[in-house]
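A.B. asks: Got a predicted structure plus its sequence, pasted below:
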Amino acid sequence: MDTATTTTTAEELKTAATRVREAARGTAAGPWKASPVWSPDAAVTSAVYSHAHPAGTPESEVVASGQKRYRKGGLRNPCNAVWIALANPDLAEPLASWLEETARQYDAPPCDDPTGVCNHCERRDDFVNALHVARAINGGAR
């Protein structure tokens, strides 16, 4: 996403919340677990499985990774499977809700400045962290 078109911080946070929900829609249900995998050519050394489906079914397989070059060229790392399992779709709704709540607070009328100009959101660590997460999701700079 081009963050230059986002006009306010709240809109940036809301856009990230929408992207998280859209990305999670249609994925294999969580929770996801990373597991070591044996394969004869060692092309796959770890995989992520959805425990919402019976083991060994195509629906249970989320992603596979390995340390060798795969036939199609990409170098794969088993740490990828662990990371992907950690970031499973069960996180989508709480993450999107947190981003939207932070956006709501950014949109709130100024609360503690006598001039009515600033609610000092930019100085709060929790707001700054939410904005960093939103910008990473939106593909922008921190």
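C.D. replies: That came in fine, so what should we check first?

A.B. asks: which residues of the chain score low on pLDDT?
C.D. replies: Residue ranges of the chain with pLDDT under 70: 1-7, 37-46, 64-81, 110-122, 141-142.

A.B. asks: if you set the cut-off to 90 instead, what comes out?
C.D. replies: Scanning the chain for pLDDT under 90 picks out 1-10, 22-90, 103-129, 131, 135-142.

A.B. asks: Tell me which stretches of it form helices.
C.D. replies: With helices called from DSSP state H, the chain shows them at 9-24, 78-86, 92-107, 125-138.

A.B. asks: between the ones you listed, which gets nearest to H53?
C.D. replies: Among the helices of the chain, the nearest to H53 by C-beta to C-beta is helix 78-86 (14.5 Å). C-beta coordinates here come from the backbone N, C-alpha and C atoms, glycine included.

A.B. asks: what's the domain layout of the protein?
C.D. replies: The chain breaks down into these domains under automatic domain parsing: 3-25+91-138, 32-87.

A.B. asks: So for the shortest one, first residue to last residue, what's the gap.
C.D. replies: If I follow you right, that is domain 32-87. Using C-alpha to C-alpha, to the nearest Å, the end-to-end distance of domain 32-87 comes to 8 Å.
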